[in-house]
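**Student:** Everything below, folded, please.
(one chain, ligands or ions: 1)
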Amino acid sequence: MGDATIIDGKAFAAALRDKIALEVATLKAAHGVMPGLAVVLVGEDPASEVYVRNKGLQTLAAGMHSETHRLPGDVPEADLLALVSRLNADPAIHGLLVQFPVPEPLSQARIVAAIDPDKDVDGLTVTNAGRLASGLPALTSCTPVGCMMLLQHALGSLRGKHAVVVGRSNLMGKPMAQLLLAADCTVTIAHSRSVDLPGICRQADILVAAAGRQEMIRGDWIKPGAAVIDVGITRLPSRDPVAAAAGKTRLVGDVAFEEARAVAGWITPVPGGVGPMTIACLLQNTLIAARRIHGIEE
Ligand code: NAP
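**Tutor:** Here you go, the predicted structure:
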């Protein structure tokens, strides 16, 4: 049994959702504005179904308007883009996201490009990515925002710390690195072509693992006392063969948790760490978008 403090993302996210619900109520009472989130789901991916259902339920629980648009997997791209365009123009909608991945031959790049940057609550448009990189107010990808909240809650100031981000996707690794840089960290971004990944990780005061490779990061890759944020999610069959036969699964992160907690200073578990923060930050982004669209001070 190690010494690392376990960062309880589930409790943090619950408190954040309560705070957002209060702010939504104030926004409605003071300005008559009800934030609205539209989620577009294409095809029938079971994991995406679960995410989208949870997003809808938590949006309603925060007192916001929620819409889910389900399209068949073989929808023509023009129909999907027409829906995005309608939602861009809909005054009841302040946040709009398309659940990725979408089935081929739909183009994620063309879909993202069609989203109004003011409603882009996943922070994927070139406009929001550029604003983030330029230090301007932006809508920023939810999971990295959630990771920053957990880190700042655990560590306080991040100034001067060496942060290593494993993964360079537009949704996760790149915005994570930008946020850490803006918080005055020295940032290294590692990826599948990096040489000596264990050696790079061992330099990290803050290690953010977002590769999607189950338990790749071992205990001896971690600097003693480091803060370890495990973003990775891999769904495996349950350890119990009877439960596994019934289709039950378990979630595993990118970090070998038991080994890592013996070395790290702080660590997020999977599940119950970063995961719950993502939807809470999506609600926050929808609230921010609603305020900005209506010109209401934050
Ligand atoms: P992604 O688009 O597949 O990107 C994965 C990144 O990891 C890529 O940059 C890839 O490098 C890098 N990588 C893959 N294998 C590697 C290896 N062996 N060594 C070093 N780097 C490696 O995935 P993503 O959307 O960023 O998501 C990453 C993980 O986070 C997934 O497990 C996903 O399920 C999880 N996730 C969780 C949440 C949440 O709410 N908790 C939200 C978003 C994502 P290259 O660029 O060189 O290919």
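**Student:** Please make it C-alpha for all contacts and neighbour counts, starting now.
**Tutor:** Fine.
**Student:** Can you name the residues of the stretch 51-200 of the chain that neighbour the ligand?
**Tutor:** Within the stretch 51-200 of the chain, the residues that sit near the ligand (C-alpha under 6 Å from any ligand atom) are 143, 166-169, 171-173, 191-193.
**Student:** Tell me where the stretch 1-150 of the chain has helices.
**Tutor:** Using DSSP state H, counting those that start in this stretch, the helices of the stretch 1-150 of the chain run over 9-31, 46-61, 77-89, 108-114, 126-133, 142-155.
**Student:** Out of the residues of the stretch 51-200 of the chain next to the ligand, list just those in helices.
**Tutor:** 143, 173 (DSSP state H).
**Student:** Quick one: buried ones out of the residues of the stretch 51-200 of the chain next to the ligand?
**Tutor:** 143, 166-168, 171-173 (16 or more other C-alpha atoms under 10 Å).
**Student:** The helices of the stretch 1-150 of the chain: lowest mean pLDDT?
**Tutor:** In terms of mean pLDDT, the lowest-scoring of these is helix 46-61 (a mean of 94).
**Student:** pull the CA atoms of that one into PDB?
**Tutor:** Extracted as PDB, the C-alpha positions of helix 46-61 are listed here (Å, rounded to 0.1, in the frame of the first residue of the first chain):
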ATOM      1  CA  PRO A  46     -22.700   1.400 -27.200                       C
ATOM      2  CA  ALA A  47     -20.000   3.300 -25.300                       C
ATOM      3  CA  SER A  48     -21.000   6.600 -27.100                       C
ATOM      4  CA  GLU A  49     -24.700   5.800 -26.200                       C
ATOM      5  CA  VAL A  50     -23.700   5.600 -22.500                       C
ATOM      6  CA  TYR A  51     -21.800   8.900 -22.600                       C
ATOM      7  CA  VAL A  52     -24.600  10.700 -24.500                       C
ATOM      8  CA  ARG A  53     -27.300   9.400 -22.100                       C
ATOM      9  CA  ASN A  54     -25.300  10.600 -19.100                       C
ATOM     10  CA  LYS A  55     -24.600  14.000 -20.700                       C
ATOM     11  CA  GLY A  56     -28.400  14.400 -21.300                       C
ATOM     12  CA  LEU A  57     -29.300  13.400 -17.700                       C
ATOM     13  CA  GLN A  58     -26.700  15.600 -16.100                       C
ATOM     14  CA  THR A  59     -27.600  18.600 -18.300                       C
ATOM     15  CA  LEU A  60     -31.200  18.300 -17.100                       C
ATOM     16  CA  ALA A  61     -30.100  17.800 -13.500                       C
END
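**Student:** Just the angle for that helix relative to helix 9-31, thanks.
**Tutor:** Going by axes from the mean of the first three to the mean of the last three C-alpha atoms, to 10 degrees, helix 46-61 is angled at 40 degrees with respect to helix 9-31.
**Student:** pLDDT wise, what is residue 197 at?
**Tutor:** Looking at residue 197, its pLDDT reads 99.
**Student:** Quick check: bridge partners of the residue lying closest to it once chain neighbours are set aside?
**Tutor:** The spatially closest residue to residue 197, leaving aside those adjacent along the chain, is residue 190, at 7.3 Å (C-alpha to C-alpha, 6 or more residues apart in numbering). Per DSSP bridges, the residues bridged to residue 190 are residue 166.
**Student:** Spit out the contact partners of residue 190.
**Tutor:** Residues in contact with residue 190 (C-alpha atoms under 8 Å, 6 or more residues apart in numbering) are 164-168, 197, 200.
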